[in-house]
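[1] pasting the sequence and the predicted model now:
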Amino acid sequence: MPAELKSASQGRTMVLTISNPDARNALGPEIYAAGVEALNAADSNPDVRSVVLTGTGSTFCAGGNLQRLLANRDQPREAQAQSIDGLHGWIEAIRTFPKPVIAAVEGAAAGAGFSLALACDFIVAADDAVFVMAYSSVALSPDGGGSWSLAQMLPRQAVNELLMCGERIGPQRLQQLGVVNRIAVPGAALADALALAERLNERAPNVIASIKELVNDAPAAPLNRHLAAEREHFVRNLHHANGGVGIRAFLAKQKPEYE
């Protein structure tokens, strides 16, 4: 069965499902390209307010396909570099996508699968899910932005433990560390992620996009530049049609309907 990224609509949410069951939903260039294409389509579709990323069956994503990586050792180095560029293009597309992206994790999120979940704006995980940066266990270093994401989120010692020791970590500990947002009963991660998506879908999409951009840019911005960016976003959103809808609805104690 060929690896593919399936796309389906659930109301105002696009659900992207990594489907490679013969290899525990391992990733490959065809999935990276499909991921970027799907996000481009969702970006231009006003009916899509959010995206949920999940995996087929009982595994979120086992990361890279080790058989393919082993075969790439016999290829020029550029072959693997191009493959990683494809993955990184998808990671950057998720990070810069103006709508929220939620990872719904069942089972294992390993290696690049963990990196992929970290690139999302929210993580909903089954309480028996397993997260592992498995790279060092096969004498490899991280890709997919995993080292960057963890270094943004956690103290250096915790990052070193996850990356250097390749320790498995559960969603409960990751929730304590602020990495996982919500824990679901096994089999319910997707349903809980869709419920979270619907809450986000009810908010003004221009404001969600502003918040995502501000949060993404904050770590690298000096305070004065970030304050200026907040000012620009605030003024723009106040004068957006949704600004009037939201304020009037709040004052009238009514539910707003944003465009």
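    Thanks, I have it. Numbering: from 1, shown residues only.
[2] in the sheet, who's paired with Ser19?
    Taking DSSP bridges as the rule, Ser19 bridges to Glu4.
[3] distance check, it against Ala126.
    Computed as Cβ to Cβ, to the nearest Å, the Ser19 to Ala126 distance reads 18 Å. Any C-beta I mention is one placed from the backbone N, CA and C, and that applies to glycine too.
[4] the two: who's more crowded?
    Between Ser19 and Ala126, counting by other Cβ atoms under 10 Å, Ala126 is the more crowded of the two (22 against 18).
[5] enumerate every residue touching the more buried one.
    The neighbours of Ala126, taking Cβ atoms under 8 Å, 6 or more residues apart in numbering as the test, are Val105, Glu106, Gly107, Pro171, Ile183, Ala184, Val185, Pro186, Gly187, Ala188, Ala189.
[6] 10 Å instead?
    Contacts here follow Cβ atoms under 10 Å, 6 or more residues apart in numbering; on that basis Ala126 touches 58, 60, 104-107, 171, 183-190, 192.
[7] and Ala93, by the same measure?
    Tyr32, Gly35, Val36, Glu37, Ala38, Leu39, Asn40, Asp43, Val101, Ala119.
[8] same thing but 6 Å
    Going by Cβ atoms under 6 Å, 6 or more residues apart in numbering, Ala93 touches Val36, Leu39.
[9] and the helices in the chain, which stretches?
    With DSSP state H as the criterion, the chain has helices at 29-43, 66-72, 77-96, 112-119, 146-153, 156-165, 171-176, 189-201, 205-217, 223-238, 241-251.
[10] would you mind finding the most buried of these?
    Most buried of the helices of the chain, by mean neighbour count (mean count of other Cβ atoms under 10 Å): helix 112-119, with a mean of 28.
[11] averaged pLDDT, that helix. What do you get?
    Average pLDDT, helix 112-119: 98.
[12] same check on stretch 235-250?
    On average, stretch 235-250 scores 97.
[13] could you report the neighbour count for Pro222?
    Neighbour number of Pro222 under other Cβ under 10 Å is 8.
[14] same question for Gly178.
    When neighbours are counted by other Cβ under 10 Å, Gly178 registers 9.
[15] show me the contacts for it.
    Neighbours of Gly178 in contact, by Cβ under 6 Å, 6+ apart: none.
[16] turn the helices of the chain into a markdown table, columns for distance to Ser136.
    Formatted as a markdown table, the helices of the chain follow (distance: least, Cβ to Cβ, whole Å):
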| stretch | distance to Ser136 |
| --- | --- |
| helix 29-43 | 23 |
| helix 66-72 | 14 |
| helix 77-96 | 17 |
| helix 112-119 | 13 |
| helix 146-153 | 11 |
| helix 156-165 | 6 |
| helix 171-176 | 19 |
| helix 189-201 | 27 |
| helix 205-217 | 28 |
| helix 223-238 | 35 |
| helix 241-251 | 47 |
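[17] which stretch in the ones you listed has the least confidence?
    helix 66-72 (a mean of 92).
[18] for it, which outside residues touch it?
    Here helix 66-72 makes contact (Cβ under 6 Å, 6+ apart) with Ala79, Gln80.
[19] quick one, domains of this protein?
    4-201, 205-251 (automatic domain parsing).
[20] out of the contacts of Ala126, which is nearest to Val15?
    The closest of the contacts of Ala126 to Val15 turns out to be Leu190 (Cβ to Cβ; 7.5 Å).
[21] which ones are touching the closest one?
    Each residue near Leu190 by Cβ under 6 Å, 6+ apart is listed here: Thr54, Ala104.
[22] returning to that earlier point: now the contacts of Ala126: which count as buried?
    Using 16 or more other Cβ atoms under 10 Å as the burial test, the contacts of Ala126 include 58, 60, 104-107, 171, 183-184, 188-190, 192 as buried.
[23] no further questions, thank you.
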